[in-house]
Every structure is written in structure tokens, then in C-alpha cells.
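In: This is a predicted model, with the sequence first.
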Amino acid sequence: MGSGKHRWKISFHWSPSNLKKQPPKEFICPISNLLMADPVIVSSGQTFERNCVLACKSLSFKPTLSNNSTPDFTTIIPNLALKSTILNWCKSSLLHPPIPLDFHSAKNIVCALKHQEFHRITEGNNCNNNAKTKTESSNFYSSSDESVTPLPLPLTTRPSCYSSSSSSEIEALTLNPSSTEEEENEFISKLRSYQVFEQEEALISLRKITRTRTETRASLCTPRMLSNLRSLITSRYATIQVNSVAVVVNLSLDSTNKVKLARSGIIPPLIDVLKGGFLEAQDHAAGALFSLALDDQNKTAIGVLGALPPLLHALRSDSERARNDSALALYHLSLVQSNRAKLVKLGAVQMLLGLLRAGHMTSRVLLILCNMAASAEGRAAMLDAGGVESFVGMLSKDEFESDSTRESCVAALNGLSQGGLRFKGLASQVGAEDVLRKVEKEGSERAREKARRILEVLKRREEEVEEVDWEALLGSGEVSRTRIYSDVG
């Protein structure tokens, strides 16, 4: 019996090295390199451990994967099918199910990954930069290079939020000069830090340098720098948000950077800040949009991305900077027909005429209305809202702050004169002819020329009929041929 018991004794001890299987690659989190316990699918389609994704989001970090792609962590969806498959695999492999990675451990892994990626990028850039010749830095731009038409306003190519620094600041910043590559790498290292004070320190320094050393604006406007700035613009920390938007303003002052900034995706976060950011950041956001709108290639894109409504709203801001820069941004954006059509639909004409009657930002509002009068829908909206009465009333009072403002008022009225018989009727009701004759005698050369054009329109015979496209009218069904013939007979 004893020997039988000994013969049938079974040992359940095994060597893990002999039985443990390697999990399939799709079971491993690309960030932690561990078997996933709580897998989630992100917007870009990849699957990660949940806390690794949360850690990346908290640190504003997007890792570069093995296929050189970067994931989009906007949306997180539990991957229940993969989780079940992993558990079944563990059971069949006689392994314990994986334990979910805690957030603190995930954050440490991501931090280490950030440093590794930073060193890899900077080393690669240093190698590439040594093989390249240093490019010439751009000079500060002139107004003739910036705007489509010269504006009769001071500082019309610089946002109000921009201010030059004292000579002592410039000296302090230039005592220990370093190469642009080293500066960029140092800034990016701090901007990517998960320590808020390091991000603040980098942004404040970057703001000073791009304000005082104009040659750095072009050299620091790189894809890497813009990518990091973009992620900080909507920060919940006031100092980070304000200074990151201010840096964008400074970079945009270089004319070669304007299209780069727009194409980097920086406009949507600027719009978000203008809608509901910190007050000082809103000032800078309005200035940045104005500066970017100076380039013709950006005008349509800024309007399409939704900047027009918050810019209109900013015209009533308590901040004079935000009001002025928003008005100038709208002036440049309204040079494009697609933006003029959007502004009409948004009720901008009524709002602008209201500001004009109240005496707010008269010169800037008139510039926008001049552009609006260049389109048929803009003219119709202005005629409906009492534009003729408003402009003639201002000219009759003659209380303009400058000759250029008077010229803008006459120019807006000249635009409305293309409204045909309806304009003539409205102008006659408010006595426009007498007022315009006075302008023709006493106004500046430009004002006199436009006043003469309007008077020529008003002098046409009252019985003159507008040219009618009869084929189009008959095709619309509004007038029947029978009625025409009966009227003739």
C-alpha cells in the first residue's frame, strides 16, 4: 500500500520558464510594453492601456509609434472584445490575468518616454543642422508688404497688444548669445515638461526673446515649436495661456511666418481663447488673428474656421485692445467676398451701424462698412438698416476725427450708390444732394472725387429705368407675357 501511494503521487510544480508563453503582439500596450488589462481604442484606431492614454493626455504628450504615426487621444472607447480575448488567452496559458496599471506608474512610464523621444529628436536635429547652412533671418516687415490696401490708421500692421521692450531688456537677453538650435531645443524641452513652472518659465522667456530679437521670429517658427505652442494655448493656467498666445503674436509679426502659423493648426485654439479664454489672452488672440489676416492666403481660412462670430462679439469687449484688433481683423477679412457673405448672415451690418451711431470706433467701423458695400448682399443689408441716413447724417454734422474718417464715410456712401433706384429714393429723403455738394467744395481731394461720383448718380433723370433682364424675369414666373401685352395695348 505504501509503495502504491508513493507510485501515484503527482507533483503540480512546474517551471515557469518552460510553460510561460509569449503573448501576441496585439495584446501588448505600445506605451507600457505590458500585457493590457484595461485596453481602450482611441480616435486614431490604436489600442492602449487606459491609464497610459490618460497619462499622455494629462502631460499633453503624443508618442511616436513604431510606424512613425502619432495617436489621437480625443476619444476613448473600451475594447471589450480584446479584453475578453486576453483573459481567455491567460486562462488557456495557465497564467494569472493581468493587473491594471495604476495611473502613477503609467505617468512615470510616459515621462520616461517623453525624455527618450526628446533626446532622440534633438540628437537627430543636431546632426541634420550641422549639415545645413544657416539661413538668413528676416527683417521686420513694412506696412507696404502687409496689407492689401494702405490704411489711414497708425500701427495698422501691428496688433495693439504688441509693445516693444526697453533697451535694458534687450541687453540682458543678448549678453550670453547662443545658437538658435540650442535655444529651440531648450525651449521645447521645457514646454514639454509636466512641471507647470517649467512651462511658464519657457514661455515668458520665449515671449521676451521673440519681442526684442526680431531675427529669432523666423528661426524659432518651426513645426516642433508650433506643435508645442498649439497644445498650450488653451491651457487652464492663466500664465501659460496668456504667454503662449503672446508668443504667437510675436511670431506672426514676421511676414514669412503668417502662412506657416495658419497651416500649423494654430487658428482654432486662438478662436477658442477669443471665445472664452482669460481676458489678457483674449486681447492677444484678437491681435494674433488680426496679424494673420494681413496675409491674403489666410483670409478665407480664418473665416471658414469660425473666427468671424467671436471677432464681432469682441467689438463690444471692455478691452480697448481687443476691440481695436478685432475691428482691424474684420476689415482685412471682409476684403474677401466669402467672408462678406458670412458677415451679412451673422447680422454684422446692423451691429456695425449701431456702433457707428453710438460713436464707437468710428474710423475702424467705417472701413469695414466700406468693404461690405462692395457686395450686393452687403449693400442690400445696409440699405435695409438705414445706412444712407446714417452716413448722410454724419457728413452733415461734419464732426469727424480726421480727413481719412470723412473719406471713409463718403466711400461707404459711394458703395451704396450702386444700389440703383432704391438708393436714389433713400438719398432724396434725407437730403443727401445738399450735403454732398458741401463735401465737393470743402472736402479733401479723395472725398471730393467720391462725392462727385455720387452726385452724378443722383442727377440721372428720374424716369430712367434700371436695366432689366426680361428673360430671367419671365422665366421666374413673376410677370406673364399676357400682362405685358395687355399693358402695351
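Out: The structure has been received and is ready for your questions.
In: What residues does the spatially most central residue of the chain make contact with?
Out: With distances taken as C-alpha atoms, centre = their mean, the residue of the chain nearest its centroid is I267 (1.6 Å). For I267, the residues meeting the contact criterion (C-beta atoms under 8 Å, 6 or more residues apart in numbering) are L261, L289, L292, A301, I302, L305, A307. Bear in mind the C-beta positions are built from the backbone N, C-alpha and C, glycine included.
In: Phi and psi next, for it.
Out: Taking degrees, to the nearest 10, you get phi -70, psi -50 for the backbone angles of I267.
In: Tell me the spacing between D398 and V435.
Out: Look at D398 and V435: by C-beta to C-beta, to the nearest Å, they are 9 Å apart.
In: what's the burial count for A37?
Out: For A37, the count of nearby residues is 18 (other C-beta atoms under 10 Å).
In: contacting residues around it?
Out: Residues touching A37, when contacts are defined by C-beta under 8 Å, 6+ apart, comprise E49, K83, I86, P97, P98, I99, P100, L101.
In: Just those: which are in helices?
Out: Counting by DSSP state H, the part of the contacts of A37 found in helices is K83, I86.
In: Format the contacts of A37 as CSV; extra columns: neighbour count, pLDDT and distance to K275.
Out: As requested, these are arranged in CSV below (neighbours: other C-beta atoms under 10 Å; pLDDT from 0 to 100; distance: C-beta to C-beta, whole Å):
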residue, neighbour count, pLDDT, distance to K275
E49, 25, 94, 35
K83, 19, 91, 39
I86, 22, 92, 43
P97, 14, 90, 46
P98, 20, 91, 43
I99, 10, 89, 43
P100, 13, 88, 38
L101, 22, 89, 37
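In: just the contacts of A37 now: which is nearest V457?
Out: Taking C-beta to C-beta as the measure, V457 sits nearest to E49 out of these, at 72.9 Å.
In: which residues does that closest one contact?
Out: Neighbouring residues of E49 by C-beta under 8 Å, 6+ apart: C29, I31, S32, L34, M36, A37, D38, P39, V40, P100, L101, A106.
In: before we move on, what about S193?
Out: The neighbourhood of S193, defined by C-beta under 8 Å, 6+ apart, consists of Q199, A202.
In: and it, how far is that from D434?
Out: Where D434 is concerned, S193 sits at a distance of 69 Å (C-beta to C-beta).
In: R158 touches N250, doesn't it?
Out: No: at 10.5 Å, R158 does not count as touching N250 under the criterion of C-beta atoms under 8 Å.
In: Pull the CA coordinates from the helix or strand in which S326 is found and hand them back as CSV.
Out: Assigning secondary structure by DSSP states H and E places S326 in helix 320-333. Backbone C-alpha positions of helix 320-333 (Å, rounded to 0.1, in the frame of the first residue of the first chain) are rendered in CSV as follows:
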residue,chain,number,x,y,z
GLU,A,320,-9.8,98.6,-26.0
ARG,A,321,-7.1,96.4,-27.3
ALA,A,322,-9.5,93.6,-28.1
ARG,A,323,-11.9,96.0,-29.8
ASN,A,324,-9.3,97.7,-32.0
ASP,A,325,-7.6,94.5,-33.1
SER,A,326,-10.9,92.7,-33.8
ALA,A,327,-12.1,95.6,-35.9
LEU,A,328,-8.9,95.6,-37.9
ALA,A,329,-9.1,91.8,-38.3
LEU,A,330,-12.6,92.2,-39.6
TYR,A,331,-11.6,94.9,-42.0
HIS,A,332,-8.9,92.7,-43.6
LEU,A,333,-11.2,89.6,-43.6
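In: Does C52 touch L101 like I think?
Out: Yes: taking contact to mean C-beta under 8 Å, the distance of 6.8 Å between C52 and L101 places them in contact.
In: shared neighbours of the two, anything?
Out: By C-beta under 8 Å, 6+ apart, C52 and L101 have these common neighbours: C29, S32, I109.
In: Compare these and tell me which is most surrounded.
Out: Within the shared contacts of C52 and L101, C29 tops the neighbour count with 25 neighbours, counted by other C-beta under 10 Å.
In: what's near enough to touch that one?
Out: C29 makes contact with L35, M36, P39, T47, F48, E49, C52, L101 under the criterion C-beta under 8 Å, 6+ apart.
In: Quick check: chain neighbours aside, which residue is closest to it?
Out: The spatial neighbour of C29 that comes closest, neighbours along the chain excluded (C-beta to C-beta, 6 or more residues apart in numbering), is E49 at 4.1 Å.
In: I'd like the distance between that neighbour and N33.
Out: 10 Å.
In: Packing partners of the helix or strand hosting N51?
Out: When elements are assigned from DSSP H and E, N51 belongs to helix 50-58. Judged by 3 or more C-beta pairs under 8 Å, 6 or more residues apart in numbering; DSSP states H and E, the packing partners of helix 50-58 are strand 39-42, strand 76-78, helix 103-130.
In: what residues are up against P23?
Out: Under the criterion of C-beta under 8 Å, 6+ apart, the contact partners of P23 comprise L35, I86, W89.
In: re earlier: what is the nearest of the shared contacts of C52 and L101 to A238?
Out: Taking C-beta to C-beta as the measure, A238 sits nearest to I109 out of those, at 30.2 Å.
In: Can you tell me which of the contacts of A37 is nearest S404?
Out: The shortest distance between S404 and any of the contacts of A37, using C-beta to C-beta, involves E49 and amounts to 63.3 Å.
In: Please name the bridge partners of the closest one.
Out: P39 (DSSP bridges).
In: ok, back up a step: can you put the contacts of E49 in TSV and add distance to L416?
Out: Listed next are the contacts of E49 as TSV, based on distance: C-beta to C-beta, whole Å:
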residue	distance to L416
C29	65
I31	62
S32	67
L34	70
M36	67
A37	70
D38	65
P39	64
V40	59
P100	69
L101	68
A106	64
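In: if we can go back for a sec, ranking the helices and strands packed on helix 50-58 by mean pLDDT, which is last?
Out: Within the helices and strands packed on helix 50-58, confidence is poorest for helix 103-130, with a mean of 68 (mean pLDDT).
In: For the stretch 301-450 of the chain, give me the ranges with low pLDDT.
Out: By pLDDT under 70, the stretch 301-450 of the chain contains no weakly predicted segment.
In: 80 instead, please
Out: Counting by pLDDT under 80, the ranges of the stretch 301-450 of the chain that qualify are 401, 419.
In: Alright, I will stop here.
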